[in-house]
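What would the 3D arrangement of this be:
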Amino acid sequence: MIVDDEFYIRNGLAKILPWEDFGYSVIAVANDGKDALDFLAKKQPDILFTDIMMPKIDGIELTKTIFEKWPTIIVIVLSSYNDFHYVKTALKNGASEYLLKPSILPENLLELVRKVCPPDHSFKQKFSYNTEKKSNKIDSLVENTFNFPYFFGFLIGENTFFTSHEIQELVTPFLINTSYKIINLQVNESYFILINHTIENFKLRLTPLKIPYIFFQNTTDLIFLKEQIELATQFYQNYTYYFTKSYFIWDSKQIISQDANFLPEQKKLATLIKREHFSDAIILLRELTLGDKLFLKEELQNFFNSMIISLLSKMEDSLNQSMGMKKIDFLTINQQSNTLKQTLQNIRIFLDLIHQDFLEENEDTIKQQILDYIQKHHAEGINLASIAEQFHFNYNYLSRIFTTYTGSSFTDYLNNIRIKEAKIMLKQSNLSIAKISEKVGYTDTSYFSKVFKKIALCSPSDYRRSHSND
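As a prediction, this is how the structure comes out:
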C-alpha cells in the first residue's frame with residue numbers, strides 16, 4: 001500500500017516496477033493518513049509506504065496507529081533530506097525502514113522490499129500466535145507434537161536473512177532417514193521454526209551451513225523448554241548480524257560459537273580516513289550497518305562511535321570545516337537509541353546526511369573527478385547510472401549537475417570523447433572501422449558510423465581518406 005499526498009509519488013511507486021513479476025502487488029493507494037486508516041480497517045497489506053508530511057493524519061501519527069492496531073504491517077517511511085527529526089519519530093513509533101525520495105531507483109526499491117518482506121512473507125500470518133496465549137500454545141505444541149529427544153530452533157524474520165521456506169530446504173537433507181516434526185511459532189516478536197528430531201549429532205552436522213540456529217537441550221520439561229526459548233529470544237534481540245557466514249548456537253544459556261570480528265573493516269576504514277577518501281569511508285560505514293555479523297549493541301555503538309568521530313575529526317582538519325555540531329548530533333542520536341534496530345537506523349540516517357553535505361560542499365572537485373573517470377573509462381560500457389553508483393550520487397541530481405557543468409547531456413559528452421579517440425585511431429592506425437568502433441566503446445558499427453557522421457560531418461571512411469597524408 002502507498003500513502004502520499006503527491007500524485008506523482010503515489011503513481012511513480014506503483015508503476016516504477018512490474019511488482020507482480022517479483023511476487024508483489026499494489027493493493028491500494030491513499031492520499032493521506034485518514035484514507036489509509038479507512039482502508040486498513042478492511043484489509044491489511046504486508047508493506048505500507050507512507051510520506052511524513054500529509055494533511056489530516058500525517059505519516060508519524062499513521063505509523064503509531066498502525067503499530068498499535070496492526071503490528072505485523074511493515075511500514076517504510078518516505079522522507080526528504082530535511083526530514084531527519086520526523087524520520088526518527090516515525091521509527092520510534094514503529095516504522096521498520098526509511099527511504100529517501102531523491103534516491104529512489106527501481107533496483108534499490110526492490111532490494112529494500114525483498115529485504116524487509118520476502119515474497120513468501122506470509123509466515124507472519126501463518127505462524128503467528130497471540131502473545132498473550134504463547135505459554136499455552138507452546139505447552140500444547142510440545143505435548144501433542146514433539147515426541148523426539150532433540151530440539152533445534154531457527155530464527156526467521158527480523159534481523160535474519162533466511163525465510164522459513166529457505167531454512168526448511170537447507171535443513172531437510174540432514175533429516176533424511178530420521179523421524180522429525182517441524183512446528184512454526186512466534187515467541188514475543190521473534191518467529192521460529194522449531195524442529196524436534198532423533199539425530200544426536202545434528203548440531204555438529206548443521207554447523208557448516210552457517211545458519212543462525214538455537215540448540216535446546218534434551219528435555220521433557222515443558223516449562224524448561226519454554227524458558228529456554230524465551231531466554232534465547234531475549235538474548236538474540238540484543239544482537240545483530242554483520243557480514244556473511246556468522247552464526248551462533250544457544251546451548252544451556254551460553255553462546256557456543258561466534259565469529260564476529262570488526263578488525264578487517266576497522267583497518268580499511270582507518271586507511272580510507274587517513275587518505276581522506278571521505279565519501280568511500282562514509283559509504284563503507286553505511287554498508288556495515290546492513291551486514292550480518294554478530295555483535296552486542298554496546299560493542300556496535302563503541303565501534304561506530306570511534307570510527308565516525310575519527311572520520312568527522314579528519315574531515316574537520318582536511319576541509320577546514322567545523323564538525324563540532326555534527327559530532328554532538330551523532331552522539332545525541334546514538335544515546336537516544338534504545339534498541340539495536342534503532343541504533344542502526346539512526347546511524348544510517350546520520351551517515352546519509354553527512355554524505356549529502358559532503359557531496360554538495362565539494363561539488364567542483366567531485367565534478368572534475370567524474371570527468372576524469374569518463375575520460376579513462378569511455379571505452380567501457382559506462383552510463384550515467386553506473387557513474388552515479390561509482391561516486392555515490394543520486395542519479396537525478398547527477399544528471400542535473402552534469403548538464404549544468406558541461407553544457408551537454410551525458411550521452412553527447414561521452415560520444416564526443418569516443419569520436420575524438422576514434423579520429424586519432426583513423427589517422428594513426430590501419431585498424432578496421434569495426435575494430436575502432438569496438439575499441440572506443442561501441443558494440444554496433446553502424447551506430448558508431450551514424451554518431452561519427454553526426455559529430456564529424458563525414459563518415460569514418462571519408463575521414464580516414466581525407467587525413468591519409470596527415
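
So which residues of the stretch 351-470 of the chain form helices?
Using DSSP state H, counting those that start in this stretch, the helices of the stretch 351-470 of the chain run over residues 363-377, 384-390, 395-406, 410-428, 433-439, 445-456, 460-466.

I'd like to know which elements the last one is packed against.
In this case it means helix 460-466. In terms of contacts (3 or more CB pairs under 8 Å, 6 or more residues apart in numbering; DSSP states H and E), helix 460-466 is packed against helix 410-428, helix 433-439, helix 445-456. Every residue, glycine included, has its C-beta placed from N, CA and C.

mind running it again at 7 Å?
Judged by 3 or more CB pairs under 7 Å, 6 or more residues apart in numbering; DSSP states H and E, helix 460-466 is in contact with helix 410-428, helix 445-456.

CA atoms of that helix as CSV?
Written as CSV, here are the backbone C-alpha positions of helix 460-466 (Å, rounded to 0.1, in the frame of the first residue of the first chain):
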residue,chain,number,x,y,z
PRO,A,460,34.7,7.3,-40.7
SER,A,461,35.9,6.1,-44.2
ASP,A,462,35.8,9.6,-45.6
TYR,A,463,37.6,11.0,-42.6
ARG,A,464,40.4,8.4,-42.9
ARG,A,465,40.8,9.2,-46.6
SER,A,466,40.9,12.9,-46.1
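
Buried residues, that helix. List them.
Buried residues in helix 460-466, counted by 16 or more other CB atoms under 10 Å: P460, Y463, R464.

got TSV for the residues you listed, with pLDDT too?
Supplementary listing: those in TSV, determined by pLDDT from 0 to 100:
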residue	pLDDT
P460	94
Y463	92
R464	91
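
before we move on, the earlier item: how about the helices and strands packed on helix 460-466 in a markdown table, adding mean neighbour count, mean pLDDT and distance to I52?
Listed next are the helices and strands packed on helix 460-466 as a markdown table, based on neighbours: other CB atoms under 10 Å; pLDDT from 0 to 100; distance: least, CB to CB, whole Å:
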| stretch | mean neighbour count | mean pLDDT | distance to I52 |
| --- | --- | --- | --- |
| helix 410-428 | 17 | 93 | 32 |
| helix 445-456 | 16 | 94 | 45 |
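
hmm, back to that, wait, which of the helices of the stretch 351-470 of the chain is closest to P55?
When these are compared by CB to CB, helix 395-406 sits nearest P55, at 26.2 Å.

Now the closest one: buried residues?
Quick answer for helix 395-406 (16+ other CB under 10 Å): Y395, L398, S399, I401, F402, T406.

How about the second one, nearest residue that isn't a chain neighbour?
Yep, that's L398 we're talking about. Of all residues not flanking L398 in the chain, A388 sits nearest, at 4.7 Å (CB to CB, 6 or more residues apart in numbering).

can you list contacts of stretch 312-329?
The contact list for stretch 312-329 (CB atoms under 7 Å, 6 or more residues apart in numbering) reads I273, E276, F278, I309, I354.

Apply 6 Å and report the result again.
I273, E276, F278 (CB atoms under 6 Å, 6 or more residues apart in numbering).

do the same with stretch 428-438
By CB under 6 Å, 6+ apart, the list of residues contacting stretch 428-438 reads A422, M425, T445, F448, P460.

returning to what we had before: tell me which of the helices of the stretch 351-470 of the chain sits nearest to L105.
Across these, L105 has its closest neighbour in helix 395-406 (6.1 Å, CB to CB).

show me what contacts I387?
Counting by CB under 6 Å, 6+ apart, there are no residues that I387 touches.

same check, this time on the one 4 residues further on
For F391, no residue counts as a contact, taking CB under 6 Å, 6+ apart as the criterion.

Per-residue confidence, it, what does it come out as?
Reported pLDDT at F391 in the predicted model: 77.

Equivalent analysis for L331, please.
Among the per-residue scores, L331 holds a pLDDT of 68.

worst-scoring helix or strand of the chain, pLDDT-wise?
Within the chain, no helix or strand scores below helix 123-126, which has a mean of 38 by mean pLDDT, DSSP states H and E.

got any ranges where the stretch 201-350 of the chain has weak pLDDT?
Applying pLDDT under 70 to the stretch 201-350 of the chain flags residues 201-263, 291-300, 319-321, 324, 331, 333-341.

picking up where we left off before, can you put the helices of the stretch 351-470 of the chain in a markdown table and add distance to S179?
Listed next are those as a markdown table, based on distance: least, CB to CB, whole Å:
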| stretch | distance to S179 |
| --- | --- |
| helix 363-377 | 59 |
| helix 384-390 | 51 |
| helix 395-406 | 55 |
| helix 410-428 | 63 |
| helix 433-439 | 63 |
| helix 445-456 | 65 |
| helix 460-466 | 74 |
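
tell me which element V77 falls in.
Taking DSSP states H and E as the definition, V77 sits inside strand 74-79.

Direction included, what does that strand pair against?
Strand pairing for strand 74-79, determined by DSSP bridges: strand 47-51 (parallel), strand 97-100 (parallel).

With mean pLDDT and distance to M1 as extra columns, can I get the ones you listed in CSV?
As requested, the strands paired with strand 74-79 are exported to CSV (pLDDT from 0 to 100; distance: least, CB to CB, whole Å):
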stretch, mean pLDDT, distance to M1
strand 47-51, 92, 5
strand 97-100, 77, 14
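
Identify whichever of the ones you listed lies nearest to I382.
The nearest among the strands paired with strand 74-79, by CB to CB, is strand 97-100 at 24.4 Å.

Past that closest one, which element shows up next along the chain?
Using DSSP H and E, the helix or strand that directly follows strand 97-100 along the chain is helix 106-116.

now the angle from that following helix to helix 395-406?
Put simply, helix 106-116 runs at 150 degrees to helix 395-406, going by axes from the mean of the first three to the mean of the last three CA atoms, to 10 degrees.

got a list of contacts for helix 106-116?
The list of residues contacting helix 106-116 from outside it, by CB under 6 Å, 6+ apart, reads I16, L17, I74, S96, E97.
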